[in-house]
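Q: pasted the sequence and its predicted model underneath.
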Amino acid sequence: MYPDPTLARIAEAVQLHHGRGEPAAARAMFERIWADIGGEQGDPLHVCVLAHSMADVQDDVREELRWDERALAAVALLTEERVAAAGVPMSVAALHPSLHLNLAECHRRLGDPGRAREHLEAARAGMGALGDDDYGRLIRGGLERLTGLLAPP
């Protein structure tokens, strides 16, 4: 799938979670990959993708938030050249809406609607970078859902 072997391993762990319903096994694999890449000191693309994926397998929303924050910090260090060389079929800008959407959801679940709305607005601001494909529709749908959840009563 990816010419980058680390991204291929991350995709394999994602499949454990989403495809086979085994979040604990995925988390264990993500932990091994995290150690292999050198944690936050690793290649920003690997850190971003792994942290974004690791957030999804956390049982505690505070841990989920911590991983999502790592992903957002790492995306700031990415270049278009690095993303393209790894075979990722989207731009760096197209990664931002999903990252902010996940952060918004964490803050909503933690009872901080103000911070949630800040990230929701950041996600909305980046929507133009998304294509008219399954990924773009998924993120747009998430934005609509979360906008509804954060609407004043």
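A: Arrived safely, thanks for sending. Residues are numbered from 1 along each chain as shown.
Q: sticking with the spatially most central residue of the chain, tell me its helix or strand.
A: Among the residues of the chain, the one closest to the centroid is residue 52, at 3.2 Å (CA atoms, centre = their mean). Using DSSP states H and E, residue 52 sits within helix 44-55.
Q: can you list the residues that contact that helix?
A: By CB atoms under 8 Å, 6 or more residues apart in numbering, the residues outside helix 44-55 that reach it are 4, 6-7, 10, 13-14, 17, 26-27, 30, 33-34, 37, 39-40, 64-65, 67-68, 70-71, 74-75, 77-78, 82-83, 86, 88, 95, 98-99, 102, 106. No exception for glycine: its C-beta is placed from N, CA and C like everyone else's.
Q: now the angle from the next helix or strand after it to helix 44-55?
A: Per DSSP H and E, the first helix or strand lying C-terminal to helix 44-55 is helix 61-75. Between the axes of helix 61-75 and helix 44-55, defined by axes from the mean of the first three to the mean of the last three CA atoms, to 10 degrees, the angle is 160 degrees.
Q: quick revisit: could you give the mean pLDDT of the helix holding residue 52?
A: For helix 44-55, the mean pLDDT works out to 97.
Q: what sits against the closest residue to residue 3 other than its chain neighbours?
A: What sits nearest to residue 3 in space, not counting adjacent residues and going by CB to CB, 6 or more residues apart in numbering, is residue 87, at 4.7 Å. By CB under 8 Å, 6+ apart, the contact list for residue 87 reads 2-4, 7.
Q: now residue 87: how far from residue 7?
A: 7 Å (CB to CB, to the nearest Å).
Q: for the residue nearest to residue 3, phi and psi?
A: phi 80, psi 20 (degrees, to the nearest 10).
Q: gap between it and residue 95?
A: Residue 87 is 14 Å from residue 95, where distance means CB to CB.
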